[in-house]
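A.B. asks: here's my sequence, what's the structure:
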Amino acid sequence: VVGHSQGEIAAACVAGGLSLEDAARVVVLRSRAIGAGLSGRGGMVSLGVGVVEAEGLVVGWSGRVEVAAVNGPSSVVVAGEVEALRELVEECGGVGVRARWVDVDYASHTVQVEAVEEELAGSLSQVRPVSSRIPFFSTVEAGWVDTAELDAGYWYRNLRSTVR
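C.D. replies: Numbering: from 1, shown residues only. Below you'll find the predicted structure:
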């Protein structure tokens, strides 16, 4: 199985790596951390380009905008500071790149997530993943992983790392 960002939680549960209780715990506590620590601080924009082109577009806003998710060969989401994203959207319009705002007020998969690392480490310390019989493809690692590795640290990296 495979999931995308928060969808990896459901995928881990379906695969048998997380109990339903632990999966719900991850969803609730992750959402709570986003609401309390990240909401209102950022945004996300979908770009109609590949990852290499997206990385080139955001280089002018280094540290303020990052590639957040690689959704396909010509579909990438970037995230970061709202003003920097506004400037990027304007620049994209000028060079003919499709840029659409994603309806969120936080910047998942960026440096902003580091503000909730300690909170997630503590609140998710009770999660007890186990190895599953069903293979699990991690979009954090961009490869197959043993679901027994899906501990609190993994779920932090799931929110911080680029979705691949």
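
A.B. asks: switch to C-alpha atoms for all contacts and neighbour counts from now on
C.D. replies: Will do.

A.B. asks: thought Gly3 was touching Ala11?
C.D. replies: Yes: if you go by Cα atoms under 8 Å, Gly3 and Ala11 touch, sitting 5.4 Å apart.

A.B. asks: compare neighbour counts for those two and give me the winner.
C.D. replies: Remark: of Gly3 and Ala11, Ala11 carries more neighbours, 20 against 16, as counted by other Cα atoms under 10 Å.

A.B. asks: if I've got this straight, that one is in a strand?
C.D. replies: No: counting by DSSP: H, G, I helix; E, B strand; the rest coil, Ala11 falls outside a strand, being helix.

A.B. asks: can you list contacts of the longest strand seen in the chain?
C.D. replies: The longest strand of the chain (DSSP state E) is strand 65-72. With contact meaning Cα atoms under 8 Å, 6 or more residues apart in numbering, strand 65-72 is reached by 50-51, 54-55, 58, 76-81, 84-85, 108-110, 161-164.

A.B. asks: tabulate the CA atom coordinates of that strand in CSV.
C.D. replies: Extracted C-alpha coordinates of strand 65-72, given in CSV (Å, rounded to 0.1, in the frame of the first residue of the first chain):
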residue,chain,number,x,y,z
VAL,A,65,9.4,28.3,-0.1
GLU,A,66,10.2,24.5,-0.6
VAL,A,67,9.0,21.7,-2.7
ALA,A,68,6.4,20.0,-0.5
ALA,A,69,5.1,17.2,-2.6
VAL,A,70,5.9,15.6,-5.9
ASN,A,71,2.5,14.4,-7.2
GLY,A,72,3.5,13.4,-10.7
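
A.B. asks: in the very next helix or strand once past it, what counts as buried?
C.D. replies: Sequence-wise, the next helix or strand downstream of strand 65-72 (DSSP states H and E) is strand 75-80. By neighbour count on 16 or more other Cα atoms under 10 Å, the buried set for strand 75-80 is 75-80.

A.B. asks: can you list the strands that strand 75-80 pairs with?
C.D. replies: Paired neighbours of strand 75-80 in the sheet (DSSP bridges): strand 43-47 (antiparallel), strand 65-72 (antiparallel).
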